[in-house]
Structures are given as C-alpha cells and as structure tokens.
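take this sequence and fold it.
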Amino acid sequence: MNTPHERPAHRPQKVLVTGGGGFLGRAIVERLVARGDEVRSFSRGDYPELRKLGVDQRQGDLADADAVRAACADRDVVMHVAGKPGVWGSIESFYQPNVRGTDHVLAACKDRGVGRLVYTSSPSVVFDGRDVEGGDESLPYPRRHKSHYGATKALAEKHVLAANSEGLRTVALRPHLVWGPRDNHLVPRLVALAKAGRLRRIGAGRNRVDSTYIDNAADAHVLAADALETNPAAAGRAYFVSNGEPIPVWELIDRILAAAGLEPVRRSISPAAARAVGGMLEFTHWLFRIQREPRMTRFVAGELSTSHWYNIAAARRELGYEPRVSIDEGLRRLGEWLKPPRPAAKPPQLEPVQQSE
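Model (predicted):
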C-alpha cells in the first residue's frame, strides 16, 4: 500500500473548488490546473483570471442547495474553501455561509456520489483566548468561542468530520494566518492601518505565532485530497497547517510592513487597554448599527497579545505536507508583489528631419 510519501503517478481528477476566485481558492485552482486536473469553480462572482486557466466557472451562492448540487455533479473531489471570514457581524451572517452552506455541500457530495471532500477550517475552532504553544489536534473545542467565526467554523468542521464514511471520505485543514501576494484581507488591512497611523503594538510583543505562506496552504489542500485516496488513516481527521516557523507576532507584522516599504510599529498599548478599546468600539458599532468592522475588537486584541502556534507533525506524517516556501522567501515574494508598477517608458523624442531646400 502506498504511504503519503510514496504516491503513485497522478491520475487527472475532476475537482470542484468552492470559492475558487478567492485568495486561497485561486491558489488551489492554479495548483490543480498545473498538474492536469479538470477544475470547476463555484463562486458568487465571475473571474476572468480563472477563465484564462480554462476553469469551468459556476456562479451561485452556498445558500442555494440546488446550485451547490449542480456544481458537484460528476466530480471526484470537492475542496470546500468558500465561507465568511472576519471578526465582525451577526451570528446569522456567519452561520448561513459557514454552517448551512457546508451542510449543503455535504448533502450535494452524497447526492452526486463525490468520493472525497477537503474542508478549509481554521485554528480558530480551538481558540479559547489563552496561549497555545505547540498544541496539536488533541486540543478540544472550547465550550465558548471568542468569535462567531470560530464558533461557526467549529460547528461546520464537526459536521464534515462526522460525515466521513466509506462513500465520502472527508478531511479538515486548519491553515493558520494565510498571507502572500494577492492577499485581499490580512496584508492590505495591515498596510492601510499603518499608513493611517492606527497600528499599535499590543503588549510586550514576545508572544509567538505561526503563519502560512499562500503556496504552502494550497499545497496542503492538494496533498490532503490525494491522501484521502491513498491513506485511509487521514479520513475523518483535522490537521493544523502552517509554515512551522513560529516567531513573535509583531516581528511578523513589522516584516510584512517592511515588504510594503513602511516603518515598523513603534507605539504600543497594553492588552487590557486594547480589550477595553475593543469592547467600547464593539458597543458603539452595535448601538449605531455600523456595519463595517471596528478598528479593534476584543477578539483581535486577544489574537495579537497571545501566543498561538501549532504542531504540524501530523500533517507532515499523514499528508506528506512540507512547507516549501519559507517566511523569508515568502516575504521577498510579497515585497516584489507590493512594489508599485514602473511607469511605462516614454518613446525617445526624435529630432525632426530637416528638409533640404
């Protein structure tokens, strides 16, 4: 029998990627197309860059069970990446896409005879506000989550793992803090706050976190799909995924800012003060029904002032995962992507030709 490190020659697969036009979804799609798979994307929008890759785009919403069922037709594998991220919004706004949408995907996989499902989860499913240093998959779900996002992703993950069977093998991946070129969430937010002078270092800054470069996160999804076929032990399990390089969180933030040509964060605030500010802003946004996310929340204050990095030995052992792109190399690539485009060179000005008399 093949082990995760002794894979047979790849046989092209028919794969559906939900959220294929998003940051992580697009990276996964590109990996699949590059190795010869027939890829379909299910997203609410239309993406010209996917069309150029020859991807079959299906537009729809996870709330539409019939649209999800149609998208899952004749697929060998479904990679369910789509969902609502973030730390602000009503429980219903997270529950509908993250839980109800995932349930629609599970039902469609069973109805359409899909054999394998890779679900994009999050370490937030086990975050309880305390430091986690080297925690593994034995960490329990907390009784009370610190965000609607974590609560709904945990519930969806439970549904995915409970659905594992001989007919539908499932696996959940928990990539931590995914970043890199084309990031439309973490990096732009940090850059915007820094340019506006609104970033504050929370606490002493010694708390360590691990993160995941985008290419490594995409690799993990492809490896997980293959492992469900070659390694039955991977089915029905969740795996932490990261770069395996925990560093102080504010060092990571400062280096991302440096890649954007910005100065490091110098002003600071205590964790208690940050939580107090977050609570005040949350109340203000709730009171006046402000839809945009507050500049600070209690959850973000906790994330930025605690250590949270995880043991990825299980992913290495059972999925054959190995982060190929280091933080140093990832930051170099990010810097290249963030460089402003060079202005087009002007054509040389030629002297007019003098006509002879």
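
all strands for the stretch 251-357 of the chain, in order.
Secondary structure of the stretch 251-357 of the chain (DSSP state E, counting those that start in this stretch): strands at 268-269, 308-310.

can you say which of those is packed in most?
strand 308-310 (a mean of 25; mean count of other Cβ atoms under 10 Å). For every residue, glycine as well, the C-beta is placed using N, CA and C.

show residues contacting it.
For strand 308-310, the surrounding residues in contact (Cβ atoms under 8 Å, 6 or more residues apart in numbering) are 123, 127, 131-136, 174, 176, 208-210, 240, 242, 246.

and it, average pLDDT?
For strand 308-310, the mean per-residue pLDDT is 95.

follow-up on the earlier one: nearest to Ala154, out of the strands of the stretch 251-357 of the chain?
Of all the strands of the stretch 251-357 of the chain, strand 308-310 sits nearest to Ala154, with 15.3 Å by Cβ to Cβ.

next up, the contacts around the closest residue to Ser90 other than its chain neighbours.
Take Ser90 and drop its neighbours on the chain: the residue closest to it by Cβ to Cβ, 6 or more residues apart in numbering is His148, 7.4 Å away. Going by Cβ under 8 Å, 6+ apart, His148 touches Gly89, Ser90, Ile91, Ser93, Phe94, Tyr95.

next, find the distance separating His148 from Asn164.
The spacing between His148 and Asn164, counted by Cβ to Cβ, to the nearest Å, is 26 Å.

before we move on, what about Gly279?
Note on Gly279: its distance to Asn164, by Cβ to Cβ, is 39 Å.

again, but for Arg201
43 Å.

my guess is Gly135 meets Val126, correct?
Yes: applying Cβ atoms under 8 Å, one finds Gly135 in contact with Val126, separated by 7.3 Å.

more neighbours, these two?
More crowded of Gly135 and Val126, by other Cβ atoms under 10 Å: Val126, with 24 against 17.

report pLDDT for Arg316.
On pLDDT, Arg316 comes in at 98.

renumber starting at 841 from here on
Yep, numbering from 841; the last one is Arg1156 now.

show me what contacts it?
Glu1162.

so what's Ser881 closest to, chain neighbours aside?
Closest to Ser881 by Cβ to Cβ, 6+ apart is Gly860, at 2.8 Å.

mind listing what the one you found touches?
866, 868-869, 879-883, 887, 890, 895, 897, 921.

could you redo the last one with a cut-off of 7 Å?
Contacts for Gly860 (Cβ atoms under 7 Å, 6 or more residues apart in numbering) come out as Arg866, Val869, Ser881, Phe882, Ser883, Leu890, Val895.

and Asp904, by the same measure?
Contact analysis of Asp904 by Cβ under 7 Å, 6+ apart lists nothing.

ramachandran angles for it?
phi -90, psi 100 (degrees, to the nearest 10).

now the one 10 residues further on
Listed backbone geometry of Asp914 is phi 50, psi 30, with angles given as degrees, to the nearest 10.

name the residues contacting each of Gly975 and Val966.
Going by Cβ under 7 Å, 6+ apart, no residue sits against Gly975 while also sitting against Val966.

can you tell which of the strands of the stretch 1091-1197 of the chain is closest to Leu856?
Among the strands of the stretch 1091-1197 of the chain, the nearest to Leu856 by Cβ to Cβ is strand 1148-1150 (28.0 Å).

distance from that closest one to the middle of the chain?
In this view, strand 1148-1150 has its centroid 16 Å away from the chain centroid, taken as Cα atoms, centre = their mean, to the nearest Å.

now do stretch 1128-1143
With Cα atoms, centre = their mean, you get 20 Å for stretch 1128-1143.

send the alpha carbons of that stretch over as PDB?
C-alpha atoms of stretch 1128-1143 as PDB (Å, rounded to 0.1, in the frame of the first residue of the first chain):
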ATOM      1  CA  PHE A1128     -25.400  52.800  16.000                       C
ATOM      2  CA  ARG A1129     -25.700  49.700  13.700                       C
ATOM      3  CA  ILE A1130     -22.400  50.400  12.000                       C
ATOM      4  CA  GLN A1131     -21.800  47.600   9.500                       C
ATOM      5  CA  ARG A1132     -18.100  48.000   8.900                       C
ATOM      6  CA  GLU A1133     -15.700  46.200  11.200                       C
ATOM      7  CA  PRO A1134     -14.300  48.200  14.200                       C
ATOM      8  CA  ARG A1135     -10.700  49.100  14.100                       C
ATOM      9  CA  MET A1136     -10.200  47.000  17.300                       C
ATOM     10  CA  THR A1137     -12.300  44.200  18.800                       C
ATOM     11  CA  ARG A1138     -11.800  42.100  21.900                       C
ATOM     12  CA  PHE A1139     -11.100  39.100  19.800                       C
ATOM     13  CA  VAL A1140      -8.400  40.800  17.800                       C
ATOM     14  CA  ALA A1141      -6.800  42.200  21.000                       C
ATOM     15  CA  GLY A1142      -6.600  38.600  22.300                       C
ATOM     16  CA  GLU A1143      -5.200  37.300  19.000                       C
END
